[in-house]
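Participant: task: produce atomic coordinates for the following.
(one chain, ligands or ions: 2)
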Amino acid sequence: MVNPSEIIPFTPSVPAQVPEPIALQTRNLTRWFGDFLAVNNLHLEVRRGSFFGFLGPNGAGKSTTIKMLTGLLAPSDGQIELLGYDLMNDPIMVKRLIGVVPEDLNLFDRLTGAEYLTFVGRMHELERHVIAERTAELLRVMELEDKPKALLVEYSHGMRKKISLAAALLHNPQMLFLDEPFEGVDAVAARTIKNLLERMRERGVTIFLTSHILEIVERLCTDIAIINHGRIIASGRLDELRTQAGTNLEEYFVNLVGGARRMTDTLSWIG
Ligand SMILES: Nc1ncnc2c1ncn2[C@@H]1O[C@H](COP(=O)(O)OP(=O)(O)OP(=O)(O)O)[C@@H](O)[C@H]1O
Ligand SMILES: [Mg+2]
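Facilitator: Ligands and ions are numbered 1, 2, ... in the order given. Below you'll find the model as predicted:
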């Protein structure tokens with residue numbers, strides 16, 4: 001028998017790695033629409049402070065996933081832990097901490113931009129002077145000052161995207177979910193938004209983004225996951241995936257997703 005006093009305590013030569021804090025974790029996240037399985041048993045992990053690109057072809061399940069992660073759509077199964085809270089148990093707490101630009105921009109069409117931001121600020125229980133200051137600043141940065149009297153119903157598609165992003169930023173969230181934020185936005189505004197998002201990430205905000213514009217993903221994202229037919233088919237640090245694949249993100253994506261698809265680049269009447 002070994003005398004416990006003779007046991008040399010094990011001291012690892014390399015200090016135990018401190019696990020990186022996780023902003024978002026899902027387990028078995030699943031969504032059925034009738035008998036169609038749109039999101040299939042998703043295990044996602046997003047590091048705090050990362051810029052996470054959630055990529056996939058049309059119909060892959062990205063927006064369905066974002067809607068579940070932000071409490072807009074109930075999962076059929078699975079758990080979601082966001083910023084230390086269980087989304088099902090603490091939905092209000094989570095909603096205080098996150099900002100969302102959803103795919104369907106359900107805005108209040110009969111309000112002006114300033115009225116809408118004021119409404120959103122009141123929902124978040126911000127003080128009136130804070131709402132007024134931030135509203136003015138957001139309208140200026142998003143270049144939405146030109147038509148102060150215009151109702152949201154009169155906004156162009158890109159203007160609606162920008163006011164939706166402004167609303168998502170108003171309460172200074174710890175995590176942002178952006179579903180195609182650059183779609184329909186002009187090049188100058190896209191540059192402003194990119195710079196703004198980069199600054200937010202530098203300040204520790206975690207950003208979860210879907211975009212089909214892979215140049216933007218490549219420039220901004222630190223981590224990616226690729227979803228196809230509701231399942232994750234690749235995930236990891238972007239630079240590591242690129243090094244492993246020995247190619248750029250577009251080639252990597254097209255090979256991964258397109259490889260399984262019959263690609264046709266002709267039309268019968270065009271030849
Ligand atoms: N409300 C719904 N009812 C039935 N099917 C739905 C519904 N919403 C989404 N789907 C289906 O779920 C699948 C995933 O849709 P989703 O909108 O999540 O795709 P996506 O990855 O966001 O695509 P895109 O890049 O085109 O935005 C699609 O096949 C879609 O038809
Ligand atoms: Mg979508």
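Participant: sticking with the closest residue to Cys221 other than its chain neighbours, tell me its helix or strand.
Facilitator: In space, Cys221 comes closest to Gly53 once its chain neighbours are excluded; the distance is 3.7 Å by C-beta to C-beta, 6 or more residues apart in numbering. The C-beta positions use only the backbone N, C-alpha and C, and glycine is treated the same way. Counting by DSSP states H and E, the element that carries Gly53 is strand 51-55.
Participant: show me what that strand is packed against.
Facilitator: helix 62-69, strand 206-210, helix 214-220, strand 223-228 (3 or more C-beta pairs under 8 Å, 6 or more residues apart in numbering; DSSP states H and E).
Participant: can you give me the angle that strand makes with strand 206-210?
Facilitator: 20 degrees (axes from the mean of the first three to the mean of the last three C-alpha atoms, to 10 degrees).
Participant: from the centroid of this structure, which residue is nearest?
Facilitator: Geometric centre of the chain, nearest residue: Phe208, 2.3 Å, by C-alpha atoms, centre = their mean.
Participant: tell me who's in contact with that residue.
Facilitator: 24, 46, 52, 54, 66, 69, 175-178 (C-beta atoms under 8 Å, 6 or more residues apart in numbering).
Participant: one more: Glu183?
Facilitator: 161, 211-212 are the contacts of Glu183 under C-beta under 8 Å, 6+ apart.
Participant: mind redoing it with 7 Å?
Facilitator: Lys161 (C-beta atoms under 7 Å, 6 or more residues apart in numbering).
Participant: now do the one 3 residues further on
Facilitator: Taking C-beta under 7 Å, 6+ apart, we find Asp186 in contact with Gly158.
Participant: pLDDT score for it?
Facilitator: At Asp186, the pLDDT value in this model is 90.
Participant: the closest residue to ligand 2 within the stretch 151-271 of the chain and Val205: what is the separation?
Facilitator: Closest to ligand 2 within the stretch 151-271 of the chain is Asp179: 6.0 Å, counting by C-beta to the ion. Relative to Val205, Asp179 is positioned 17 Å away (C-beta to C-beta, to the nearest Å).
Participant: looking at these two, which is more packed in?
Facilitator: The neighbour comparison of Asp179 against Val205 (other C-beta atoms under 10 Å) goes to Asp179, with 23 against 20.
Participant: what's the neighbour count on the residue nearest to Cys221?
Facilitator: Neighbours of Gly53 under the rule other C-beta under 10 Å: 23.
Participant: in terms of contact, does it touch Ile207 like I think?
Facilitator: No. When contacts are counted by C-beta atoms under 7 Å, Gly53 is not listed as touching Ile207 (9.1 Å).
Participant: circling back to that earlier point, let's have the helices and strands packed on strand 51-55 in TSV, adding mean pLDDT and distance to ligand 2.
Facilitator: Below are these laid out as TSV (pLDDT from 0 to 100; distance: least, C-beta to the ion, whole Å):
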stretch	mean pLDDT	distance to ligand 2
helix 62-69	97	3
strand 206-210	97	6
helix 214-220	94	15
strand 223-228	96	11
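Participant: looking at these, spot the one closest to Glu127.
Facilitator: strand 206-210 (25.7 Å; C-beta to C-beta).
Participant: that's all I had, so thanks and see you.
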